[in-house]
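J.: Got a sequence here, can you model it:
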Amino acid sequence: MDDKLSLKEKLEITVQTGLQLIPYVGGALSTAYFSTKQEKRFKRVESYYIETADKINQLQLQLPPINIHDEDSLTSLIEHLNDKIEKEHSDKKREYFKNFFINMLRTPTLENNYDERRIFLEALSDITILEFNVLLSFSEEHKAKTILNNDDDVIVGAKSRLEMFGFLEGQYMSFLGGTTVKSLLITPFGKKFINFCLE
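T.: So this is what the prediction gives:
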C-alpha cells in the first residue's frame, strides 16, 4: 500500500493550514470549510446513486449481468465518475452523468472501449452546459430544441474547445478572390458522445 500523499491531498492540507493562519477565525473557518466540503461531496454522491437507481426503475431498464463487464475497467470508470460527481454542482450535468453511467452499464465496459468511455467522462466533466448546448446545435436530432442566447465570443470559444475534444471538425472552402471560409460539422465521435451522455 502506498501511503504517500497525493498532490490533491497536499493541496488540501496547504489550504487547511492556510485557513487556520487567519487571525481569530482561522481555526473555525478551516473546520467549517472542510467539514462542509466533505459533507457536500458525500451527499452529492449519495443522492446521485439514489436518483440514478430511481431513473433505472422508472425507465424499467433491464441491465445485463455485471459479469459481462471487465471488472477492472468498470471499477476504474466508477472511481473516476465518483470523483466527478463529488465536485459537480450543476443538476443538468449530474443528469448527463446519470445517462453516462446507465449507458456504461447497458453495454459491456471492456478494455477495448475503456479509453473511449474515459475520454467521454473526462470531456463531460470538463465541458460547460453552454458547450454541450453548442454541440447539440450541430446535431440534426437536437438542433431544433437548442437555444443559444450568449455572446458571440463565448460561442466561438465553446466551438474551439469542442473542436479540441474532437466533437466538431472544421471544413474549409476557398472562393475566388482568395477568401477561405471555415464551417464546422459534428463528428461521428461527437454524435457518439451525445448519444452516450444525453440519452
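J.: measure the closest residue to residue 105 other than its chain neighbours to residue 102 for me?
T.: The shortest distance from residue 105 to any non-neighbouring residue, by CB to CB, 6 or more residues apart in numbering, is to residue 63 (5.1 Å). Every residue, glycine included, has its C-beta placed from N, CA and C. Note on residue 63: its distance to residue 102, by CB to CB, to the nearest Å, is 8 Å.
J.: Can you spell out the domain ranges of this structure, please?
T.: 1-126, 129-187 (automatic domain parsing).
J.: which stretch among the ones you listed comes nearest residue 198?
T.: domain 1-126 (6.1 Å; CB to CB).
J.: Now do that closest one: distance to the chain's middle.
T.: Relative to its chain's centre, domain 1-126 lies at 10 Å (CA atoms, centre = their mean, to the nearest Å).
J.: follow-up on the earlier one: nearest to residue 196, out of the domains of the chain?
T.: That would be domain 1-126 among those, by CB to CB, at 5.1 Å.
J.: rewinding a little: show me whatever sits in contact with both of residue 63 and residue 102.
T.: In the contact map built from CB atoms under 8 Å, 6 or more residues apart in numbering, the residues linked to both residue 63 and residue 102 are residue 56.
J.: more crowded one of those two?
T.: Applying other CB atoms under 10 Å to residue 63 and residue 102 shows that residue 102 carries more neighbours, namely 17 against 10.
J.: who's in contact with the more buried one?
T.: Counting by CB under 8 Å, 6+ apart, residue 102 makes contact with 52, 55, 56, 61.
J.: Let's see that with 7 Å instead.
T.: Residue 102 makes contact with 52, 56, 61, according to CB atoms under 7 Å, 6 or more residues apart in numbering.
J.: so where's the chain shaky on pLDDT?
T.: Residues of the chain meeting the criterion pLDDT under 70: 1-3, 5, 8-37, 144-148, 150.
J.: And the most far-flung residue of it relative to its centre, how close does it get to residue 170?
T.: Farthest-out residue of the chain from its mean C-alpha position, per CA atoms, centre = their mean: residue 177, at 43.4 Å. Separation of residue 177 from residue 170 (CB to CB): 20 Å.
J.: Burial check on residue 70, number of neighbours?
T.: Residue 70: 16 neighbours (other CB under 10 Å).
J.: If I follow the layout properly, it ends up in contact with residue 112?
T.: No: contact criterion CB atoms under 7 Å: residue 70 and residue 112 do not qualify, at 8.9 Å.
J.: What is the end-to-end distance of stretch 142-157?
T.: This stretch, stretch 142-157, spans 21 Å end to end (CA to CA, to the nearest Å).
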